[in-house]
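Q: need a 3D model of the following:
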Amino acid sequence: MRIATWNINGLRARIDYVDEWITARDPDLLAFQELKTPTDLFPHGHFEELGYKSLVNGQKSWNGVAILCKQEIDIEETGNSLSGQEEAGARYISALVRTSTKKTLEFINLYCPNGKNLEHADLEGKLRWFDSLTKQLSNETQAHRILCGDFNIVPASIDTWKGEKGDGTMFHSTQEREKIEALYQCGLVDIFRQSKPDTEEFSWWDYRAGAFHKNQGLRIDFILASHDLSNSVEQVFIDREYRKKIGDLTASDHAPVVADIVL
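A: Down below sits the predicted model:
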């Protein structure tokens, strides 16, 4: 099964670009973040024509997450918020996916809070949001689990163009990195880093100052898998080609992250 996660930075502004990518990469199960689209305006019919059904937790102008899967896949939505975090906006959606081999996969799509900067009150809100997520995962038993999305945290110096000079700054701070470590303790593995322990690749580049062409990026988009699934990964890659313009179509500032997993 091909699984992908992608912060698309506005669905309606980028729907033609998304179509190009879906046609080229043919994912089975796909997580979108930062829809910037209300639930009732999500273009279900558009994606049905491409062979996908959709589960959506949208929000006007901001946030928003969706799960798309091929029509033949059995999927059931199980949640659209974290306990106590409703005011954080549409940042969470989960589903049970039943594969062709009769496995039941828990699939969770996240658009984690940004936090703004180390002095901003939003940072504490970000940390509390992660605490709620970890608590929920710790209280649940699920053997086959995928947790993916835009985490807005750089796990280690290899995941940033700044290297060790970034340590202690926003997205690179100790308190933020501790939240990623807490997720690993819930039995989850960063499958990109597992597959490529020494590879410096990024999934986000600022639009400004030629950051993409200078490769001044961050790796903040992840697919985390339970241990059983992490052992079944055939390949995982950051689809950097789809951070580039296609003709007159402008890309998101994030690249898709893609994994092929035997399920």
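
Q: ranges for the helices of the stretch 101-250 of the chain?
A: Secondary structure of the stretch 101-250 of the chain (DSSP state H, counting those that start in this stretch): helices at 121-138, 174-184, 191-195, 227-230.

Q: against which helices or strands is the third one packed?
A: By that I understand helix 191-195. strand 221-226, strand 233-238, strand 257-261 (3 or more Cβ pairs under 8 Å, 6 or more residues apart in numbering; DSSP states H and E). Heads up, the C-betas are built off the backbone N, CA and C, glycines and all.

Q: before we move on, the earlier item: hey, which of the helices of the stretch 101-250 of the chain is tucked in deepest?
A: Highest mean neighbour count among the helices of the stretch 101-250 of the chain (mean count of other Cβ atoms under 10 Å): helix 191-195, with a mean of 19.

Q: mind listing residues that contact that one?
A: Residues from elsewhere that reach helix 191-195 (Cβ atoms under 8 Å, 6 or more residues apart in numbering): 155, 201, 219, 222-225, 230, 233, 235-238, 257, 259.

Q: of those, grab the buried ones for PyMOL.
A: Selection command for PyMOL covering only the buried members of the contacts of helix 191-195, criterion 16 or more other Cβ atoms under 10 Å:
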select buried, resi 155+201+219+222+223+224+225+230+233+236+237+238+257+259
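
Q: looking at the contacts of helix 191-195, which one is closest to residue 109?
A: Each of the contacts of helix 191-195 was scored against residue 109 by Cβ to Cβ, and residue 223 proved nearest at 10.5 Å.

Q: not counting sequence-adjacent ones, nearest residue to the closest one?
A: Closest residue to residue 223 apart from its sequence neighbours, by Cβ to Cβ, 6 or more residues apart in numbering: residue 148 at 4.4 Å.

Q: assumed residue 93 was part of a helix.
A: No. Assigned with DSSP: H, G, I helix; E, B strand; the rest coil, residue 93 falls outside any helix and is strand.

Q: quick one: average confidence on stretch 71-88?
A: Averaging pLDDT along stretch 71-88 yields 95.

Q: do the same with stretch 113-120
A: 97.

Q: now the strands for the stretch 1-150 of the chain?
A: Counting by DSSP state E, counting those that start in this stretch, one finds strands in the stretch 1-150 of the chain at the ranges 2-7, 29-33, 52-57, 65-70, 74-79, 92-98, 104-111, 145-150.

Q: in its sheet, what does the fourth one sit against?
A: Sheet pairing of strand 65-70 (DSSP bridges) gives strand 29-33 (antiparallel), strand 52-57 (antiparallel).

Q: do you know how far the nearest residue in space to residue 22 that is not next to it in sequence is from residue 76?
A: Distances taken as Cβ to Cβ, 6+ apart place residue 50 nearest to residue 22, at 5.9 Å, with adjacent residues excluded. Distance from residue 50 to residue 76, counting by Cβ to Cβ, to the nearest Å: 21 Å.

Q: looking at the two, which is more packed in?
A: residue 50 (14 against 11; other Cβ atoms under 10 Å).

Q: can you pull the phi/psi pair for the more buried one?
A: Main-chain torsions, residue 50, degrees, to the nearest 10: phi -90, psi 0.

Q: just name the most buried of the strands of the stretch 1-150 of the chain.
A: strand 29-33 (a mean of 27).

Q: circling back: for the helices and strands packed on helix 191-195, which one sits closest to residue 18?
A: strand 257-261 (13.9 Å).

Q: who are the packing partners of the closest one?
A: Applying 3+ Cβ pairs under 8 Å, 6+ apart, one finds that strand 257-261 makes contact with strand 2-7, helix 191-195, strand 221-226, strand 233-238.
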